[in-house]
Each structure stands twice: as C-alpha cells, then as structure tokens.
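S.K.: test case, fold it:
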Amino acid sequence: MRITFLLHTAYGIGGTIRATALLAGALADRPEVEDVEIISVYRPRDEPAVPLHPRVQLTPLVDARRRGWRYRNIGARRPSRLMTDPGPANSSLPPSRLTDRRLARALRRTRADVVIATRPVLVDAVARYAPERVLRMGQEHRTLDSHTDALRAGCLAALPRLDAYATVSEADARQWREALAPEYAHRVVCVPNTVPDSGDRGDPAASKVIVAAGRLIPIKRYDRLVEAFGRLAKEYPDWELRIYGRGRREADLRERITRLGLEGR
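M.R.: Just a heads-up that it's a prediction; the model follows:
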C-alpha cells in the first residue's frame, strides 16, 4: 500500500503538521505499507521543523525559500481557482494559480493507493484531480463552525466526491453529517489525532495539574477551558491549571482568570 498526505507546508510548526508527521511515521512502520509520502505545497525553508520518520518521503511542490520567488512566476501572483482558505497560516503563502497547477499535476500522476488531504483547499484539490482508482480522504483539523460560510459551503460540496472524511471529535463529525445530504453522511468518521506513547503508566491524577499549551488565539478556546476549570475549582481546591503559550488573547484570558477568582490556581 502507498499512502500520500497533502500539507499546505510541512516545514512549519503547528498541530496539523505534527499530527500528520506522527501518523505518517506510524503508518511507515506497518509491514503492509510500502511507501508513505508527504506532499508539501510550499517549501519556505531548507528542512522541516518537525522531524519525519526516515521512511517518510517529503515532496515539495513550490520552492518559496528565495527572496522574490513570487515575482519570477506570474501564476504565484494570481489567486487560486480552488477554494480559498482565509486562515492566518495562508497570509504569507496563499493558494495561487501556481499551486493549483502543481497540485493538479501531482495528483493526476500519483502512484498512491490512498491520498489524504489535511485542509479545505487541499480537500477540494483531491476531490477534483485524484484518479478514481485512489481512495480519496479528507481530514478536518478545525471545526465546522470555525470556517467562513464560503469555505464551509466549498467543503460540503467537495465531500461527496471523497471516500471518507475524518474529524478529530465525534461532536464535529455529527455536525458534518447533519450538514450533508443523508446519502453522504456515512462517509464522515471520527479519528482523533495520534500522539506518541509516552510509556508513562503512572496515576494521571497524582500531580493534580492540568496543562494546556498552544497559541492564545480565539479558535483554541482557552476561554472555555478557564470557564470549565472555574466551575470545578471550589470542588477540587488542590488542583491547578497551567496554560503555556502566547498570542493576542493573553490579556483577555488574564482578565477572565481574575474575574473568576482563579489567580494562583
């Protein structure tokens, strides 16, 4: 079996990149898997920030390492005809006519048995260009509610052309199923993100510390975490919550912690 993942870029640091690298590495160790490839639409640096399994092949489509690379190709300056993704990760490396062409060519020529897209614009590319002999899959690393109306509509239009669509929570899977026509709802499944086995089999409640880490931005919903902890704080006075990260919501979170009387907790 040959498996190919599509990433907007495999060279940065982020949850989707790490989850894809871990899953690709785990699959590469399976005896029935002959080849695992990660196609990175963009290559903005020499080496990926997240280490890859030695048996995972990394294939970039657009070299964005040199200054002024966009001006050497007019297609890189023209907007993509596929679904646009307005997320912050695309601010410096947006989809373009150039990436449309490179993706279409790579997918039409693929030797993979399974192709897995990891974000909406790539899901649409797989639905359009991957051969019918290929098992075509999409992954949702955000939530249905977090997408704009246009992006959500594009995803729902592409999904019937896929064989499966995986969300990271069962609650989000239900939302996708309800938004789809009934004949396609069964294609949505929940597959939580993979994590490496730490080998620790101790008591998970022994430390009485809850840890969360990530960017302090609205989509991460640390406000909800703080509110949930606040509901339980009096019942569990010896527990504490530690949030590691930085971002534009830091001041708002500190104000919320103060308002709930959770300083020092």
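S.K.: all contacts plus neighbour counts: C-alpha atoms, from now on.
M.R.: Noted.
S.K.: is it true that Tyr244 touches Glu250?
M.R.: No - counting by C-alpha atoms under 8 Å, Tyr244 does not reach Glu250; the two are 10.3 Å apart.
S.K.: who has more neighbours, the two?
M.R.: More crowded of Tyr244 and Glu250, by other C-alpha atoms under 10 Å: Glu250, with 15 against 10.
S.K.: confirm for me that that one is in contact with Arg215.
M.R.: No - taking contacts as C-alpha under 8 Å, Glu250 lies outside contact range of Arg215: 9.4 Å.
S.K.: can you check the pLDDT for Gly87?
M.R.: Note for Gly87: predicted pLDDT of 52.
S.K.: after the one helix or strand Ile116 maps to, which helix or strand is next?
M.R.: Using DSSP states H and E, the element containing Ile116 is strand 114-117. Using DSSP H and E, the helix or strand that follows strand 114-117 in sequence is helix 120-129.
S.K.: so what touches that next one?
M.R.: 6-8, 82-85, 95, 100, 103-104, 107-108, 115, 117, 136-140, 151, 154-155, 158-159, 161-162 (C-alpha atoms under 8 Å, 6 or more residues apart in numbering).
S.K.: ok, now with 7 Å
M.R.: The contact list for helix 120-129 (C-alpha atoms under 7 Å, 6 or more residues apart in numbering) reads 6, 82-85, 103-104, 107-108, 117, 136, 138, 155, 158, 161-162.
S.K.: right, and the helix or strand after that helix?
M.R.: Taking DSSP H and E, what comes next after helix 120-129 is strand 135-140.
S.K.: quick check: angle from that next one to helix 120-129?
M.R.: For strand 135-140 against helix 120-129, the angle by axes from the mean of the first three to the mean of the last three C-alpha atoms, to 10 degrees is 160 degrees.
S.K.: may I see the buried residues of the next helix or strand after strand 135-140?
M.R.: Of the helices and strands lying after strand 135-140 in sequence (DSSP H and E), the nearest is helix 149-158. Within helix 149-158, the residues that count as buried by 16 or more other C-alpha atoms under 10 Å are 151-152, 154-156, 158.
S.K.: in the protein, which helix or strand is least confident?
M.R.: helix 149-158 (a mean of 88; mean pLDDT, DSSP states H and E).
S.K.: which helices and strands does that helix pack with?
M.R.: Contact here means 3 or more C-alpha pairs under 7 Å, 6 or more residues apart in numbering; DSSP states H and E; on that basis helix 149-158 packs against helix 120-129.
S.K.: quick check: angle from the helix it packs on to helix 149-158?
M.R.: What separates the directions of helix 120-129 and helix 149-158 is an angle of 30 degrees, with the same axes, to 10 degrees.
S.K.: rewinding a little: which residues does the next helix-or-strand element following the least confident helix or strand of the chain contact?
M.R.: Once the chain leaves helix 149-158, the next helix or strand it forms, by DSSP H and E, is strand 164-167. Strand 164-167 has contacts (C-alpha under 7 Å, 6+ apart) with 136-141, 173, 187-191.
S.K.: helices of this protein, start to end?
M.R.: 15-28, 97-108, 120-129, 149-158, 170-179, 222-232, 250-259 (DSSP state H).
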